[in-house]
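Q: model this:
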Amino acid sequence: MTKRELLGNTIRSMLVIALFAFVFVLFRSLSGPSLTSQSEVAFDDVQIGETAMRRALGARVWVTRLSPAQRSQLAELSELVVNPNSGCALQSEVCVLSATTQRDGIDVVFSIAHPIQLASDIKWYGGFVDPTNGAVYDRLGRAYKTLRQVNRKDALEVLR
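A: Reported below is the predicted structural model:
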């Protein structure tokens, strides 16, 4: 067998293998379950009642899957937040919030512990703290009224 015949046989064999691989992929895509998991619910790995950091489209995000108890707790906070209609809707199954801050490399932090920015009598059911400016948010991403905002409002009412 000459080198030319050997090269021709090798090329034919590679083409046959490539053809079988193509046919396998074609039939596999047309029938049977998907080889990759395609969930109908985004972030289904986050358990009910859990808040976890994940990546979505290359960005870090905080994902919260609210439990019924957490929904009722967050409904109580409406008077303590700047805008109750901001952030995720209370009825949403999954709340996804950006973890980025105005400064590169610093992310918003999730905290179960009561933040020092809030007075001890203010309800806290876990939420987020922006370490760059001290802003405090509930699990829906609604900003808490800080002590300065509350005092300023009281002072304006006294002046009227």
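Q: Give the next helix or strand downstream of the strand or helix carrying residue 19.
A: Taking DSSP states H and E as the criterion, the element that holds residue 19 is helix 3-30. The first helix or strand that comes after helix 3-30 along the chain, using DSSP H and E, is strand 51-56.
Q: so for the very next helix or strand once past that next one, what's the average pLDDT?
A: Next along the chain after strand 51-56, taking DSSP H and E as the criterion, comes strand 59-65. In this model, strand 59-65 has a mean pLDDT of 87.
Q: between strand 59-65 and strand 51-56, how many degrees?
A: Comparing the axes of strand 59-65 and strand 51-56 via axes from the mean of the first three to the mean of the last three Cα atoms, to 10 degrees yields an angle of 140 degrees.
Q: Centre-most residue in the protein?
A: Among the residues of the chain, the smallest C-alpha distance to the mean C-alpha position (Cα atoms, centre = their mean) belongs to residue 63, namely 3.2 Å.
Q: Tell me the bridge partners for that one.
A: According to DSSP bridges, the residues that bridge with residue 63 are residue 52, residue 96.
Q: That one is in contact with residue 92, isn't it?
A: No: look at residue 63 against residue 92 with Cβ atoms under 8 Å: they stay out of range, at 11.3 Å. For the C-beta atoms, the positions are set from N, CA and C on the backbone; glycine is no exception.
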